[in-house]
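In: What shape does this take:
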Amino acid sequence: MLKIKDNADLKELEKFGFEEYNNGYSRKYSSGYETFINKLNREVFDLEITDTQIIMQEKVTRADDLIKTNLVEKVGE
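Out: Numbers count the residues shown, from 1 in each chain. Coordinates of the predicted model:
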């Protein structure tokens, strides 16, 4: 699992196209996917959004820019 490093300022995410919401930051894609970051635990998720459900993806594939800038770290398995 990926998470934003504890010492990173979450406001930095706005430079990467993320918008702030009550419980996190989100960056939407035209293909029905979005990357979401939970404010409380800083976990990073890819979501697939359909007309009837939101599916959390096991593997984050849309955070390369955050990884390259060293904002995220891998935790757990």
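In: In this structure Arg27 contacts Lys15, no?
Out: No - at 11.1 Å, Arg27 and Lys15 do not qualify as touching, with contact defined as CB atoms under 8 Å. Heads up, the C-betas are built off the backbone N, CA and C, glycines and all.
In: more neighbours, those two?
Out: In terms of neighbours (other CB atoms under 10 Å), Arg27 is the more surrounded of Arg27 and Lys15; the figures are 19 against 9.
In: partner strands of the strand or helix carrying the more buried one, parallel or antiparallel?
Out: When elements are defined using DSSP states H and E, Arg27 is found to belong to strand 24-28. Sheet pairing here is set by DSSP bridges, and for strand 24-28 it gives strand 19-20 (antiparallel), strand 33-38 (antiparallel).
In: Toward the C-terminus from the longest one, list the very next helix or strand.
Out: The helix or strand immediately downstream of strand 33-38 is strand 43-49, counting by DSSP H and E.
In: Average pLDDT for the next helix-or-strand element following that following strand, rounded please.
Out: Using DSSP H and E, the helix or strand that follows strand 43-49 towards the C-terminus is strand 54-56. For strand 54-56, mean pLDDT is 90.
In: same for strand 54-56, what does it pack against?
Out: Strand 54-56 sits against strand 43-49, with contacts defined as 3 or more CB pairs under 8 Å, 6 or more residues apart in numbering; DSSP states H and E.
In: relative to strand 33-38, how tilted is the strand it packs on?
Out: 150 degrees (axes from the mean of the first three to the mean of the last three CA atoms, to 10 degrees).
In: And Asn70, how far from Ala8?
Out: 9 Å (CB to CB, to the nearest Å).
In: Much appreciated, bye for now.
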